[in-house]
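> Just the structure for this:
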Amino acid sequence: MTPHAKSRFFVPLCRLVVLPLVRPILEGDVQLLENEFSNGYREGDRVLYVSIAKNDGSCLDVTDETISSWNQHWQRANQRFEEELDKDKDLLKFKGKMFYVWEGNLNPLPSAPKINVSFS
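All right, here's what the predicted structure looks like:
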(Lines give C-alpha, C1' and ligand atoms only; values in the text may rest on other atoms or scores of the structure.)
Protein backbone atom coordinates (compact mmCIF):
# COMPACT_ATOMS: atom_id res chain seq x y z
CA MET A 1 0.00 0.00 0.00
CA THR A 2 1.40 3.40 -0.90
CA PRO A 3 1.74 6.21 1.65
CA HIS A 4 -1.00 8.08 -0.21
CA ALA A 5 -3.45 5.21 0.32
CA LYS A 6 -2.61 5.06 4.02
CA SER A 7 -3.28 8.77 4.41
CA ARG A 8 -6.99 8.25 3.72
CA PHE A 9 -9.04 6.02 5.95
CA PHE A 10 -12.37 5.96 7.73
CA VAL A 11 -12.33 7.33 11.29
CA PRO A 12 -15.56 6.84 13.25
CA LEU A 13 -17.18 10.12 14.27
CA CYS A 14 -17.00 9.08 17.92
CA ARG A 15 -13.20 9.33 17.71
CA LEU A 16 -13.21 12.95 16.46
CA VAL A 17 -12.57 15.95 18.70
CA VAL A 18 -13.19 19.51 17.60
CA LEU A 19 -10.16 21.76 17.76
CA PRO A 20 -11.72 25.19 18.56
CA LEU A 21 -8.50 26.85 17.44
CA VAL A 22 -9.52 25.99 13.87
CA ARG A 23 -13.18 26.92 13.77
CA PRO A 24 -15.73 27.84 16.45
CA ILE A 25 -19.12 26.12 16.45
CA LEU A 26 -21.89 28.37 15.10
CA GLU A 27 -25.55 27.66 15.95
CA GLY A 28 -26.57 28.07 12.29
CA ASP A 29 -24.09 25.36 11.34
CA VAL A 30 -25.53 23.05 13.99
CA GLN A 31 -29.02 23.35 12.51
CA LEU A 32 -27.76 22.90 8.94
CA LEU A 33 -25.76 19.78 9.80
CA GLU A 34 -28.61 18.27 11.81
CA ASN A 35 -30.97 18.79 8.87
CA GLU A 36 -28.48 17.26 6.44
CA PHE A 37 -28.00 14.24 8.68
CA SER A 38 -31.73 13.49 8.80
CA ASN A 39 -31.12 11.43 5.63
CA GLY A 40 -28.47 9.35 7.43
CA TYR A 41 -24.72 9.05 7.29
CA ARG A 42 -23.27 9.15 3.79
CA GLU A 43 -19.92 7.42 3.66
CA GLY A 44 -17.30 9.48 1.86
CA ASP A 45 -19.44 12.62 2.00
CA ARG A 46 -16.97 14.60 4.10
CA VAL A 47 -13.21 15.01 3.98
CA LEU A 48 -11.35 15.98 7.12
CA TYR A 49 -7.74 16.68 7.96
CA VAL A 50 -7.13 15.14 11.35
CA SER A 51 -4.27 14.57 13.74
CA ILE A 52 -3.84 12.68 16.98
CA ALA A 53 -2.08 15.77 18.37
CA LYS A 54 -3.41 19.26 18.85
CA ASN A 55 -1.44 22.45 18.31
CA ASP A 56 0.56 22.08 21.55
CA GLY A 57 1.57 18.50 20.66
CA SER A 58 -0.59 16.83 23.30
CA CYS A 59 -2.70 13.76 22.53
CA LEU A 60 -5.97 12.52 23.97
CA ASP A 61 -6.32 8.82 24.72
CA VAL A 62 -9.53 6.85 24.27
CA THR A 63 -10.30 5.77 27.84
CA ASP A 64 -12.77 3.24 29.23
CA GLU A 65 -14.76 6.23 30.49
CA THR A 66 -14.88 7.70 26.98
CA ILE A 67 -16.00 4.41 25.46
CA SER A 68 -18.70 3.92 28.12
CA SER A 69 -20.15 7.34 27.19
CA TRP A 70 -20.83 6.12 23.61
CA ASN A 71 -23.90 4.13 22.68
CA GLN A 72 -23.55 0.56 21.39
CA HIS A 73 -23.38 1.64 17.74
CA TRP A 74 -20.29 3.80 18.36
CA GLN A 75 -18.72 1.21 20.64
CA ARG A 76 -18.98 -1.33 17.80
CA ALA A 77 -17.68 1.21 15.26
CA ASN A 78 -14.74 1.93 17.54
CA GLN A 79 -14.00 -1.79 17.95
CA ARG A 80 -14.02 -2.33 14.17
CA PHE A 81 -11.74 0.69 13.73
CA GLU A 82 -9.28 -0.65 16.30
CA GLU A 83 -9.31 -4.04 14.53
CA GLU A 84 -8.51 -2.35 11.21
CA LEU A 85 -5.62 -0.47 12.80
CA ASP A 86 -4.27 -3.78 14.16
CA LYS A 87 -3.90 -5.08 10.60
CA ASP A 88 -1.30 -2.49 9.58
CA LYS A 89 1.89 -1.87 11.54
CA ASP A 90 2.12 1.66 10.14
CA LEU A 91 -1.29 2.55 11.60
CA LEU A 92 -0.74 1.12 15.09
CA LYS A 93 0.24 4.57 16.41
CA PHE A 94 -3.40 5.61 16.01
CA LYS A 95 -4.74 2.88 18.30
CA GLY A 96 -6.47 4.22 21.37
CA LYS A 97 -6.14 7.85 20.27
CA MET A 98 -8.78 10.49 19.62
CA PHE A 99 -8.40 12.52 16.41
CA TYR A 100 -8.46 16.32 16.39
CA VAL A 101 -10.21 17.87 13.41
CA TRP A 102 -7.83 20.45 11.97
CA GLU A 103 -9.59 21.24 8.71
CA GLY A 104 -12.58 20.03 6.80
CA ASN A 105 -16.17 20.66 5.92
CA LEU A 106 -17.67 18.83 8.89
CA ASN A 107 -17.57 19.82 12.51
CA PRO A 108 -18.52 16.55 14.26
CA LEU A 109 -19.89 17.89 17.53
CA PRO A 110 -22.99 19.64 16.16
CA SER A 111 -24.09 16.46 14.41
CA ALA A 112 -23.49 14.21 17.43
CA PRO A 113 -26.95 14.52 19.05
CA LYS A 114 -28.74 13.75 15.77
CA ILE A 115 -26.36 10.86 15.05
CA ASN A 116 -26.83 9.37 18.50
CA VAL A 117 -30.63 9.50 18.16
CA SER A 118 -30.46 7.90 14.71
CA PHE A 119 -28.21 5.04 15.85
CA SER A 120 -29.64 4.41 19.32
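
> For the protein, which segments count as strands?
Remark: strands assigned in the chain by DSSP state E are 16-18, 48-51, 99-104.

> So which of those strands is nearest residue 60?
Closest to residue 60 of the strands of the chain, according to C-beta to C-beta: strand 16-18, at 6.2 Å. Where you see a C-beta, it was placed from the backbone N, CA and C, and this is true even at glycine.

> now for the closest one, which elements pack on it?
Contacts defined by 3 or more C-beta pairs under 8 Å, 6 or more residues apart in numbering; DSSP states H and E place strand 16-18 against strand 99-104, helix 108-118.

> Could I get the average pLDDT for the last one?
The average pLDDT for helix 108-118 rounds to 51.

> next one: stretch 17-27
Mean per-residue pLDDT for stretch 17-27: 69.

> try stretch 70-88
Rounded mean pLDDT across stretch 70-88 is 94.

> List the buried residues of it.
With burial defined by 16 or more other C-beta atoms under 10 Å, the residues of stretch 70-88 counted as buried are 70, 74, 77, 78, 81, 85.

> can you pull out the helices in the chain?
In the chain, the helices defined using DSSP state H lie at 3-6, 27-37, 64-69, 72-86, 108-118.

> can you list contacts of the longest one?
Which is helix 72-86. Surrounding helix 72-86, the residues in contact under the criterion C-beta atoms under 8 Å, 6 or more residues apart in numbering are 9-15, 62, 67, 70, 91-92, 94-96, 116, 119-120.

> 6 Å - rerun?
Residues outside helix 72-86 that contact it (C-beta atoms under 6 Å, 6 or more residues apart in numbering): 12, 14, 91, 94, 95, 119.

> Of those, which is the nearest to residue 102?
residue 94 (14.9 Å).

> what about the closest one, neighbour count?
19 (other C-beta atoms under 10 Å).

> Provide a list of residues in contact with residue 56.
Counting by C-beta under 6 Å, 6+ apart, residue 56 makes contact with nothing.

> Now the phi/psi pair for it, please.
Per-residue torsions, residue 56: phi -90, psi 0 (degrees, to the nearest 10).

> And the pLDDT at it?
pLDDT recorded at residue 56 is 88.
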